[in-house]
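# quick one: sequence and predicted model below, then my questions.
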Amino acid sequence: MAPPILEVCDVVKEYPAVTAVDGVSFSVPEGTCFGLLGPNGAGKTTTIEIMEGILEATRGVVRYRGEPLAARFREEAGILFQKTALQDFLSVRQSLAMFRGLYDHGLEVEEIIRLCALEKLADRDNRKLSGGQQQRLLLAIALVNDPAVLFLDEPTTGLDPQARRNFWELIQSIKARRKTIILTTHYMEEAELLCDEIAIMDKGRIIAQGTPRQLLREHFAEVLLELPRQEFPESARQLPLQVIDTSDRVEITTNDLDSTLRTLMDARVPLNNLRIRPPNLEDLFLELTGKELRA
Amino acid sequence: MMKRLLAVWHARNLEFVRDRSTLIFTLLLPIMLIVGMGFVFGGPERPLFKVGVITADPKPIDKNAHPFLQERFVDFVPIAGEADGVRKVTHQALDLLVDLGLDKPGSVPRYWVNTDSPKGYIVEKLLLAAAPGSQRQQVTGAATRYVDWLFPGILGMNMMFSCLFGVGYVVLRYRKTGFLKRLHATPLTAFEFLSAQVLSRLCLILFVTTLLYIAIGSIIHFHSAGNLLLLALVAVVAALSMIALGLTIAARFASEELVGGLLNMLTWPMMLLSGIWFSLEGSPKWVQWVAGIFPLTHLLQASRAIMLDGAGLPEIAPHLAYLVVTAVAFLAFGAWSFRWRFD
């Protein structure tokens, strides 16, 4: 495995009323996409902002290429925040040129425009872009210095499904250029598609870490059965099954599908709307915390 | 509809009341203005005549030192130098200048009168009644037109608003929208960011002020008596000082109402006390002392000295030095207290 480009060592961030990050440690190998997952308020954004060097940790340290964050890191990092407003009255090209001017090295503005498919928008006032176009521009700004490490904080939140898919394609093309990507998200599909390794956060702590496949294999049996909650009678809860409630359904995990189906049929549980599927990261989070990710 | 209206009304009231600093300024500013203006403009009726009295000592004039100094309706103003006093008589800023020999007992009183000034003619009679045999010195010269005197004041006021509000509100908006946070994630330093803001506003102000100088100057047929390059130097240094003052206000706050209140608290006293509309000569000492704190006062006194009296660098050097010192001090404080983000 490649040596870590970033190391987060026992980082704590305390506010007067709350500990937002509580002793988080992990490292990110160069050229990989590392995902920080968790519900709102889990401490993802605080952690990533400490890694970006714009928020100071109460305790602990973040190292970039083995050194505490310094001027070199700012030159070589690209950042896309959850929310950023740009200067009024500037076009897409002018906004990119302004940010390009802040770095010693980087890509040509026209190259970034091509890379992020902004050719048709280059002369448009950046206030007149749609949500998806705005995110593409902000990603383009994060790429102006041809960064070695790219931070993406919930980059597709608020985008419609089509815009989200377009954005994922763009990130995959950046990933193909061997950039290290740190991504926070609460979209499991996004994490499964883009991340080589994930850390799941809850209440400021990392509760699981590994590759998505590894984590699912560690925590789950082979299959998962889903039934609408209203079709699952109270009496069936006495059955020897592993049942987890979600908002509108019950989930049963099993490694013996035949036996489980027989048990349900014997108990006269209606199976017309039964769905059988392999578990995903959403299920993993539910399993680990007892909460839904987007609750 | 009323329910929705009341919900929004209530939420806005809570927002306003909970923003304590803004609330305090909203309540304090009008009270301070009324009390302050009452002190400045209150008191007895204004005198009819203004007479300069040459004294070596800057302390207030002792009315018992000479019978002429006991005349009613005359405002006696201490004048340190004969040349300064004569210049003011020439421009009719003083109706008469007298050297009563207060520091040289037994000497014959001398006085300077402008033969073009009607008020000078009358106050000369009062002097001769109280001190017959005084030596007459004669000067001539038209009174400075009020519009010429006002011209630097209007330009200075425009500069002040542009410096304070132009920079203060822009930085505040950048902070509120997260644009400053985004810049913070780049190699840009606070010093570089602040310098760019200062220089951008400085260029804009100098361009606008030059245009206004040419346009208004040609309308009112104004011709500067002094060196225009020196005037430009004063404008640059004063603009730097006031821009930096705006930055100190916007350096760390994120409330538009608070910053608005603070900027108003600065601009209103400057507008009223810096001598934009009327001369501070003859106003109480404490008013002149307070006015002397404001960069705008120094800008106006230096620019009027250049534009109206043809003053050179030595005469305006104290004003220039004050503006340089305040520019450096405000910039240093602004850079020290600057925050990229609001937590």
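Good, I have the coordinates.

# mind listing the strands for the chain?
Just going to use chain A. A:4-14, A:19-29, A:33-37, A:59-64, A:67-68, A:77-80, A:149-153, A:180-185, A:197-202, A:205-210, A:223-228, A:242-245, A:249-254, A:275-277 (DSSP state E).

# meant chain B, my bad for not saying
B:49-54, B:74-79, B:96-99, B:110-114, B:135-139.

# redo the ones you listed as TSV? Include mean neighbour count.
(Glycine included, C-beta is placed from N, CA and C.) Output for the strands of chain B, formatted as TSV (neighbours: other CB atoms under 10 Å in any protein chain shown):
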stretch	mean neighbour count
strand B:49-54	23
strand B:74-79	18
strand B:96-99	26
strand B:110-114	23
strand B:135-139	13
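
# between those strands, which gets nearest to A:T180?
A:T180 lies closest to strand B:74-79 among the strands of chain B, at 74.7 Å (CB to CB).

# once you drop chain neighbours, what's closest to B:Q92?
Of all residues not flanking B:Q92 in the chain, B:A143 sits nearest, at 3.7 Å (CB to CB, 6 or more residues apart in numbering or on different chains).

# so what does the one you found look like in phi/psi?
Main-chain dihedrals, B:A143, degrees, to the nearest 10: phi -70, psi 150.

# for A:H105, same thing?
phi -120, psi 160.

# can you count the residues close to it?
Using other CB atoms under 10 Å in any protein chain shown, A:H105 is surrounded by 8 other residues.

# could you do A:P278 as well?
10.

# how far away is it from A:T253?
11 Å (CB to CB, to the nearest Å).

# what sits in contact with each of those two?
A:223-224 (CB atoms under 8 Å, 6 or more residues apart in numbering or on different chains).

# can you report how many residues neighbour the residue nearest to A:I171 when sequence neighbours are not counted?
In this structure, A:I171 finds its nearest non-sequential neighbour in A:L194, 5.9 Å apart by CB to CB, 6+ apart. Neighbouring residues of A:L194 were enumerated by other CB under 10 Å; the total is 21.

# any regions of chain A where pLDDT drops low?
Along chain A, the model assigns pLDDT under 70 to residues A:1-3, A:221-222, A:290-295.

# the domain parsing of chain A - what is it?
A:4-216, A:221-278 (automatic domain parsing).

# ok so, going back, how about TSV for the strands of chain A, with distance to B:F253 and mean neighbour count added?
As requested, these are arranged in TSV below (distance: least, CB to CB, whole Å; neighbours: other CB atoms under 10 Å in any protein chain shown):
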stretch	distance to B:F253	mean neighbour count
strand A:4-14	24	19
strand A:19-29	24	18
strand A:33-37	32	26
strand A:59-64	29	16
strand A:67-68	31	10
strand A:77-80	25	25
strand A:149-153	26	24
strand A:180-185	29	24
strand A:197-202	33	24
strand A:205-210	35	17
strand A:223-228	52	18
strand A:242-245	48	14
strand A:249-254	49	19
strand A:275-277	53	12
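
# could those strands go into JSON lines alongside distance to B:A251?
As requested, these are arranged in JSON lines below (distance: least, CB to CB, whole Å):
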{"stretch": "strand A:4-14", "distance to B:A251": "24"}
{"stretch": "strand A:19-29", "distance to B:A251": "26"}
{"stretch": "strand A:33-37", "distance to B:A251": "33"}
{"stretch": "strand A:59-64", "distance to B:A251": "27"}
{"stretch": "strand A:67-68", "distance to B:A251": "27"}
{"stretch": "strand A:77-80", "distance to B:A251": "23"}
{"stretch": "strand A:149-153", "distance to B:A251": "26"}
{"stretch": "strand A:180-185", "distance to B:A251": "31"}
{"stretch": "strand A:197-202", "distance to B:A251": "34"}
{"stretch": "strand A:205-210", "distance to B:A251": "36"}
{"stretch": "strand A:223-228", "distance to B:A251": "55"}
{"stretch": "strand A:242-245", "distance to B:A251": "52"}
{"stretch": "strand A:249-254", "distance to B:A251": "54"}
{"stretch": "strand A:275-277", "distance to B:A251": "56"}
